[in-house]
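>>> Based on what follows, work out the 3D shape:
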Amino acid sequence: MNRRWLMILPMLLAVTTAQADRVESMSELLRLPKYCWGTQQVREVSGDPVPLGEYYKRYGFGYSHLHHYCWALTTENRVAITNPRDGKFWLDNAIGDIDYVLRQNKDPKFVFLPEIYVTKARILFKLDKAADAVPWLQKAIAANPKYLPAYARLSDYYAEKGDKAEAIKILNQGLARNKNSDMLNRRLRELQTAEHHD
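Got it, this is the predicted structure:
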């Protein structure tokens, strides 16, 4: 009997963990990007009437696995709101959901990749894994050089380290793609002002 339970327990834990990541309420749904509303499972909460096939046509077949990314965002939001003692465990769980999406995706041009990369980096920073996070920001920029949030977060990382020159260099790279970006221009002004006061 005991041996049987030892065999069943890991399966029960796996099911419990998977369920814990799911979007359970409208309040959780409202914190997610709109494109999550049509993904598998999440549509049970949103009531999205658009057939999944329509989303596959619009975004590619990678959309079929995107609900795991939306679950990762939900987990991250829950941790931010409730600040549980085992928050790092759940953030690791979110990374697992993101990695699942990345493993399943076969399209290097999948439109959501840069955002997914930046989200993975953001969660890794929360897990105090900066060395692991930075390459994902660089990967996001390589995947879409116009995706400005990647420049912003990478610049923040170097600014926090005290390397203002590198932070400014990255911002200028982003501004070469969009010189009117408020997000990047604000950071650049703050860094330049700080430089003058040093």
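
>>> can I see the domain layout of this protein?
As assigned by automatic domain parsing, the chain contains the domains 23-111, 116-198.

>>> Let me have those in CSV, extended by mean neighbour count and mean pLDDT.
To be clear about C-beta, it is placed using only N, CA and C from the backbone, and glycine gets the same treatment. Compiled in CSV, the domains of the chain are given as follows (neighbours: other Cβ atoms under 10 Å; pLDDT from 0 to 100):
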stretch, mean neighbour count, mean pLDDT
domain 23-111, 16, 96
domain 116-198, 17, 95
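
>>> so who does the residue nearest the centre of the chain touch?
Residue closest to the mean C-alpha point of the chain, counted by Cα atoms, centre = their mean, is T119 at 2.1 Å. Applying Cβ atoms under 8 Å, 6 or more residues apart in numbering to T119 gives the contacts 69, 72-73, 76, 98.

>>> swap the cut-off to 7 Å and go again
73, 98 (Cβ atoms under 7 Å, 6 or more residues apart in numbering).

>>> any idea which element it lies in?
Element membership for T119, per DSSP states H and E: helix 113-126.

>>> Provide the contact partners of stretch 130-144 at residue level.
113-114, 117-118, 120-121, 124-125, 147, 150-151, 153-154, 157.

>>> what do you get if the cut-off is 6 Å, keeping everything else the same?
Here stretch 130-144 makes contact (Cβ atoms under 6 Å, 6 or more residues apart in numbering) with 113-114, 117-118, 120-121, 124-125, 147, 150, 153-154.

>>> cool, and stretch 101-114?
59-60, 62, 65, 68-69, 140, 143-144, 147.

>>> how about a cut-off of 8 Å?
With contacts defined as Cβ under 8 Å, 6+ apart, stretch 101-114 is touched by 35, 59-62, 65-66, 68-69, 116, 140-141, 143-144, 147, 150.

>>> and L32, what helix or strand is that in?
Using DSSP H and E, L32 maps to neither a helix nor a strand.

>>> swap that for F110, please
Residue-wise, F110 maps onto no helix or strand under DSSP H and E.

>>> try D97
Assigned by DSSP H and E, D97 belongs to helix 87-104.

>>> Specify the angle between that helix and helix 113-126 in degrees.
Orientation check (axes from the mean of the first three to the mean of the last three Cα atoms, to 10 degrees): helix 87-104 against helix 113-126 gives 150 degrees.
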